[in-house]
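> Below are the sequence and a predicted model; questions follow.
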Amino acid sequence: MLFSLVRSDRLAVGVVRKLAPLNEFIARGIKCQSGALHAQSAAAEAGKHKTIDDLPGPSLTTTAYWLFIKGYADKSHAMQVEHKRLYGPIWRSRFGPFDVVNVASADLIKQVILQEGRYPVRTDLSHWKEYRDMRGQATGPEWYRIRSALNPKMLKLKEAAAYAPIVHEVVSDLLQRLELLRLRSHDQRTIHDLASELYKFGFEGISSILFETRLGCLQEEIPTDTLRFITAVNDMLTLSETVLFFPRWSRGFFPFWKRFVQAWDELIDVARSLIDKKVKQIEDQMSCGEQVEGMYLTYLLSSNKLSLAEVYISITELLLGGVDTTSNTLSWTLYHLARDAEIQKRLYDEVISVCPKGELPTTDHLSRMPFMKAVIKETLSHDENEFPDAERFIPERWLRDSPSRSQHHPYSSVPFGVGVRACVGKRVAELEMYFALCRLVQHYEFSTVDGAPTIQPKTRTLLIPSEPIDLRFLPRA
Ligand code: HEM
């Protein structure tokens, strides 16, 4: 396993976007804190610690050969598996401006995380920072202060549970939309490209929490401003990868940098106007002497812990972190369930016994659904060296009382990261995924389309399906 890489060979969903920053940090860790992390070697035995220059790994040219000639450009997860085989559990590689040390064993990951200290550093995505500097926006005060302002209403289980009503509203819209698409399909069963529908769900879900407003992503006619927003996020993330591969001097020849900046401009513009609307609303309420109540944005704006510029950028970054991670995990989860009727049946039985159809699940219900949590956990990452039959989908391995319970290293599955720098949106993501999965299972039985080939993952920041996922949705009685 590589840190944050999800189900590496069989692969469901990955968070490779978050991998590079950690690795860059590790590289620095090795350089600056010699002895904090070292590979066992003749050098170490002789009492001399290795430096980053001693690490094995492909040169820049070899990496380019793997990416562009051997065809791993959209399969960098598979390349990492191959590189681990070739170079061992710790190796150096270079991608564009990144000089990366990869660690691919639970023990090494633990060593890295345990020496992070109070203010773990993640590398800046230089081209994101460059955009911000160019537009004179906040370059980000220290991470810890911002993170301390963002954490309280995001990470605490009790606080995140306050978003349950809005998440249910969005899940209801998702169910309605899927039902419409199902009925419209040629066999009144098939939903084509489920991942793109779930992407809209992810966008609507996280925006409704962050901006405290509904954007209409799941409506038949998506409002123009919302379409602009979705396109901008999509363009920015897609171009973000392209821009990295082209040197600065080539920006005059190729359109990518210009388009990347345009996408950011659009994105910030829509986010700012949504936030400004809320600011105006709060001001109006306050001037009338009304009590101001709201959710995440209201809390941030009224806590006075961040400047308005910091709120713009923090909310935008939360949005960027929270859309496709959640929806992609859900897409792969449904795909795995559709391929395994037995596991799906076991999940259905659990859901129905705790929360029958017609009832809306609550966080209390969720606490009595260990199998559902295991299904999501199994979709997210784990280490092929630590789990028997790692390539098979076996949610039972996460259940405490199950005979298939695996005795795994605590760092062998860290899909949200660990420690102070771990994912700020974990609780919100779980709430969205659990509620959506629960209600989908209450309503439908899903299966793959007859004769459909197995869908492989490809790297597009995350590990996404390489082809559209088409699933049959059969309504349950
Ligand atoms: C299945 C869903 C998700 C997964 C698997 C996931 C995973 C991760 C991982 C692995 C990290 C990096 C941790 C580290 O560097 O140590 C991270 C960071 C982050 N995530 Fe998530 N995430 C998910 C959902 C979300 C959601 C819903 C949000 C927004 C509400 C979000 C916002 C963020 C932010 C802002 C960071 C950066 C935190 C920091 O550097 O302080 N994520 N996430």
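Everything's here; your move. Residues are numbered from 1 along each chain as shown.
> Please identify the helix or strand for the closest residue to Pro58 other than its chain neighbours.
Among residues not flanking Pro58 along the chain, Ser93 sits closest, at 5.8 Å (C-beta to C-beta, 6 or more residues apart in numbering). In short, each C-beta sits where N, CA and C put it, glycine included. Ser93 belongs to strand 90-95 when assigned by DSSP states H and E.
> Identify the residues contacting whatever residue of the stretch 351-477 of the chain ends up closest to the ligand.
Nearest residue of the stretch 351-477 of the chain to the ligand, counting by C-beta to the nearest ligand atom: Gly425, 2.1 Å away. Neighbouring residues of Gly425 by C-beta atoms under 8 Å, 6 or more residues apart in numbering: 154, 206, 318, 321-322, 325.
> Now the phi/psi pair for it, please.
phi -100, psi 10 (degrees, to the nearest 10).
> Ok, Val100 next?
According to degrees, to the nearest 10, Val100 has phi -110, psi 140.
> Please apply the same query to Val103.
Dihedral angles (degrees, to the nearest 10) for Val103: phi -120, psi 130.
> residue ranges of the helices in the stretch 251-400 of the chain, please?
256-287, 296-303, 308-322, 324-339, 341-354, 363-366, 370-379 (DSSP state H, counting those that start in this stretch).
> what is the mean pLDDT for the fourth one?
For helix 324-339, mean pLDDT is 96.
> now for it, which elements pack on it?
Secondary-structure packing of helix 324-339 (3 or more C-beta pairs under 8 Å, 6 or more residues apart in numbering; DSSP states H and E): helix 194-210, helix 341-354, helix 370-379, helix 426-443, strand 444-448, strand 462-465, strand 471-475.
> residues contacting the nearest residue to Arg259 once chain neighbours are set aside?
Counting by C-beta to C-beta, 6+ apart, Arg259 lies nearest to Leu239, which is 5.6 Å off, once chain neighbours are set aside. Counting by C-beta under 8 Å, 6+ apart, Leu239 touches 256, 259-260, 263.
> out of these, which one sits closest to the ligand?
Ranked by distance to the ligand (C-beta to the nearest ligand atom), the contacts of Leu239 are led by Ala263 at 18.8 Å.
> Could you tell me the model confidence score at that closest one?
89.
> Next: Thr298.
Looking at Thr298, the pLDDT reads 87.
> tally of neighbours for it?
Thr298 has 18 neighbours, counted by other C-beta atoms under 10 Å.
> Then the one 4 residues further on?
Neighbouring residues of Ser302 were enumerated by other C-beta under 10 Å; the total is 13.
> One more: the one 5 residues further on?
Here the neighbour count serves as a burial measure; for Ser307 (other C-beta under 10 Å) it reads 11.
> May I have the phi/psi pair for it?
The phi/psi pair for Ser307 (degrees, to the nearest 10) reads phi -70, psi 170.
> residue ranges with poor pLDDT in the stretch 351-477 of the chain?
For the stretch 351-477 of the chain, applying pLDDT under 70 flags the ranges 382, 406.
> The residue nearest to Pro58 pairs with what?
Val100 (DSSP bridges).
> what helix or strand is the residue nearest to Arg259 on?
Secondary structure (DSSP H and E) places Leu239 in helix 224-245.
> Those residues of the stretch 151-300 of the chain touching the ligand, which are they?
The stretch 151-300 of the chain comes close to the ligand at residues Ile206, as judged by C-beta under 6 Å from any ligand atom.
> For the ligand, give me its nearest residue in the stretch 151-300 of the chain.
Closest contact between the stretch 151-300 of the chain and the ligand, by C-beta to the nearest ligand atom, is at Ile206 (5.6 Å).
> isn't that residue right up against Glu317?
No: under the criterion of C-beta atoms under 8 Å, Ile206 makes no contact with Glu317, lying 11.6 Å away.
> which one of the two has more residues nearby?
Per other C-beta under 10 Å, whichever of Ile206 and Glu317 has more neighbours is Ile206, with 26 against 16.
> Could you measure from the closest residue to Val279 other than its chain neighbours over to the ligand?
If the residues on either side of it in the chain are set aside, Val279 comes closest to Leu301, at 6.2 Å by C-beta to C-beta, 6+ apart. Between Leu301 and the ligand the distance is 17 Å, computed by C-beta to the nearest ligand atom, to the nearest Å.
> Leu174 contacts Gly202, doesn't it?
No: Leu174 is beyond contact range of Gly202, at 9.9 Å (criterion: C-beta under 8 Å).
> the more surrounded of these two?
Neighbours were counted for Leu174 and for Gly202 using other C-beta under 10 Å; Gly202 has more, 28 against 23.
> Just give me the residue right at the centre of the protein.
By C-alpha atoms, centre = their mean, the chain has its centre lying nearest to Thr325, at 2.6 Å.
> CA-only coordinates of stretch 368-384, as PDB, when you get a sec.
Extracted in PDB, the C-alpha atoms of stretch 368-384 (Å, rounded to 0.1, in the frame of the first residue of the first chain):
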ATOM      1  CA  ARG A 368     -26.100   0.000  14.700                       C
ATOM      2  CA  MET A 369     -25.000  -0.700  11.100                       C
ATOM      3  CA  PRO A 370     -21.500  -2.100  11.400                       C
ATOM      4  CA  PHE A 371     -21.800  -4.000   8.100                       C
ATOM      5  CA  MET A 372     -22.600  -0.800   6.100                       C
ATOM      6  CA  LYS A 373     -19.600   0.900   7.600                       C
ATOM      7  CA  ALA A 374     -17.500  -2.100   6.700                       C
ATOM      8  CA  VAL A 375     -18.700  -2.000   3.100                       C
ATOM      9  CA  ILE A 376     -17.400   1.600   2.800                       C
ATOM     10  CA  LYS A 377     -14.200   0.800   4.600                       C
ATOM     11  CA  GLU A 378     -13.600  -2.100   2.200                       C
ATOM     12  CA  THR A 379     -14.100   0.200  -0.700                       C
ATOM     13  CA  LEU A 380     -11.500   2.600   0.600                       C
ATOM     14  CA  SER A 381      -7.800   1.600   0.900                       C
ATOM     15  CA  HIS A 382      -5.900  -1.100   2.500                       C
ATOM     16  CA  ASP A 383      -2.600  -2.800   2.200                       C
ATOM     17  CA  GLU A 384      -2.200  -5.800  -0.100                       C
END
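> buried sites along it?
For stretch 368-384, burial by neighbour count (16 or more other C-beta atoms under 10 Å) applies to 369-384.
> Kindly report the same for stretch 172-189.
173-175, 177-178, 181-182, 189.
> Dump these to JSON lines, plus secondary structure.
Shown next, in JSON lines, are those (DSSP: H, G, I helix; E, B strand; the rest coil):
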{"residue": "Asp173", "secondary structure": "helix"}
{"residue": "Leu174", "secondary structure": "helix"}
{"residue": "Leu175", "secondary structure": "helix"}
{"residue": "Arg177", "secondary structure": "helix"}
{"residue": "Leu178", "secondary structure": "helix"}
{"residue": "Leu181", "secondary structure": "helix"}
{"residue": "Arg182", "secondary structure": "helix"}
{"residue": "Arg189", "secondary structure": "coil"}
